[in-house]
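A.B. asks: let me see the structure of the following:
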Amino acid sequence: MAVTHKWGALGSKITALSSSQLNNVANAAQKISSAISNDTNLYLFMDVMLKLSTATGNRAAGAHARLYLLADLGDSNYSFGSSSLDPGANNWLCNFNFDSGATAARVNVQTMLPIPPENFKLLLENRTGQPFTSCTVLSYRRYYMQST
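C.D. replies: Residues are numbered from 1 along each chain as shown. Presented below is the predicted three-dimensional model:
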């Protein structure tokens, strides 16, 4: 008998870091989300969107934002990293790359990022060469595959 694999129901799009949290985050600075629960629904993947608002000046060459996933093994002890402490390189999840020399608003989406079957936090590091401005938002949607 043939088995069919397809996407399961999509979770809701959820804001991980709001515009008020990301407003004025300086270049080379970072912000961390609240805990994201995945120990009940056990989603396998997530898509993450960084909506970058209009910059106050031209973005630097190689402009990007780094995203880290800080996992918890069930005892509320997350991998290290915070708004004032750089995370371990092993917690890096992806980069959002942006055009240099531009100020225009941009949206960048990373898809099919694997997530653990436990709680985690997302840490976003600004490496655009400019501070984040109002309306910059980090959102995510979780999902899984099903077999029939």
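A.B. asks: am I right that residue 97 is in contact with residue 61?
C.D. replies: No. Using C-beta atoms under 8 Å, residue 97 is not in contact with residue 61, being 11.5 Å away. In this view, the C-beta of every residue, glycine as well, is placed from N, C-alpha and C.
A.B. asks: who has more neighbours out of the two?
C.D. replies: Taking residue 97 and residue 61 together and counting by other C-beta atoms under 10 Å, residue 97 has the greater number of neighbours (14 against 8).
A.B. asks: who's in contact with the more buried one?
C.D. replies: Going by C-beta atoms under 8 Å, 6 or more residues apart in numbering, residue 97 touches 63, 64, 108.
A.B. asks: what about 10 Å?
C.D. replies: Listed by C-beta atoms under 10 Å, 6 or more residues apart in numbering, the contact set of residue 97 reads 62, 63, 64, 65, 106, 108, 127, 128.
A.B. asks: and residue 52, by the same measure?
C.D. replies: 22, 59, 63, 65, 96, 98, 104-108, 126, 128, 130, 132-133, 135-138.
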